[in-house]
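Trainee: sequence unknown, structure follows:
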């Protein structure tokens, strides 16, 4: 059973260097790209308003500790499962 989260937009994973530039330009104003997943990184566009949330800030701190700031994909890599990330963003969307 699928459901949509209005605050998050899924897109294809970037596969080639040429797509990185095009994908970076496809981020709407007020959003930023993050990559989530343990095996394959799925790209999510997240509203900037989530940066105010302490739980999202904690997740970003974990990403900094694990991956640093140099990201080959052009977006931040979040160290959690897609399911955990979706649950977190759903709770942020509801509040």
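Mentor: On my side now, so go ahead. Worth saying up front: this structure is predicted, and the values here are computed from it rather than measured.
Trainee: can we go C-alpha only for contacts and neighbour counts from here?
Mentor: Will do.
Trainee: wait, what's in contact with residue 83?
Mentor: By CA atoms under 8 Å, 6 or more residues apart in numbering, the contact list for residue 83 is empty.
Trainee: Confirm that it sits in a helix.
Mentor: Yes. Checked against DSSP: H, G, I helix; E, B strand; the rest coil, residue 83 lies within a helix.
Trainee: Hmm, residue 31 is touching residue 51, no?
Mentor: No. Using CA atoms under 8 Å, residue 31 makes no contact with residue 51, being 10.4 Å away.
Trainee: pLDDT score for residue 2?
Mentor: Per-residue confidence (pLDDT) for residue 2: 47.
Trainee: again, but for residue 95
Mentor: Residue 95 is given a pLDDT of 73.
Trainee: give the contact list for it.
Mentor: Residue 95 neighbours (CA under 8 Å, 6+ apart): none.
Trainee: How much space separates residue 34 from residue 85?
Mentor: 10 Å (CA to CA, to the nearest Å).
Trainee: So the closest residue to residue 41 other than its chain neighbours: helix, strand or coil?
Mentor: Nearest residue to residue 41, sequence neighbours excluded (CA to CA, 6 or more residues apart in numbering): residue 35, at 5.2 Å. Per three-state DSSP, the secondary structure class of residue 35 is strand.
Trainee: How many neighbouring residues does residue 35 have?
Mentor: Here the number of neighbours of residue 35 (other CA atoms under 10 Å) works out to 23.
Trainee: Neighbour count: residue 31 and residue 51, which is higher?
Mentor: Counting neighbours by other CA under 10 Å for residue 31 and for residue 51 shows that residue 31 has the greater number, 17 against 13.
Trainee: Pull the contacting residues for that one.
Mentor: Shown in contact with residue 31 (CA under 8 Å, 6+ apart): 45-48.
Trainee: and it, what pLDDT?
Mentor: On the pLDDT scale, residue 31 gets 93.
Trainee: ok, what's across the strand from it?
Mentor: Counting by DSSP bridges, residue 31 is bridged to residue 47.
Trainee: how much space is there between it and residue 50?
Mentor: For residue 31, the distance to residue 50 - CA to CA - is 9 Å.
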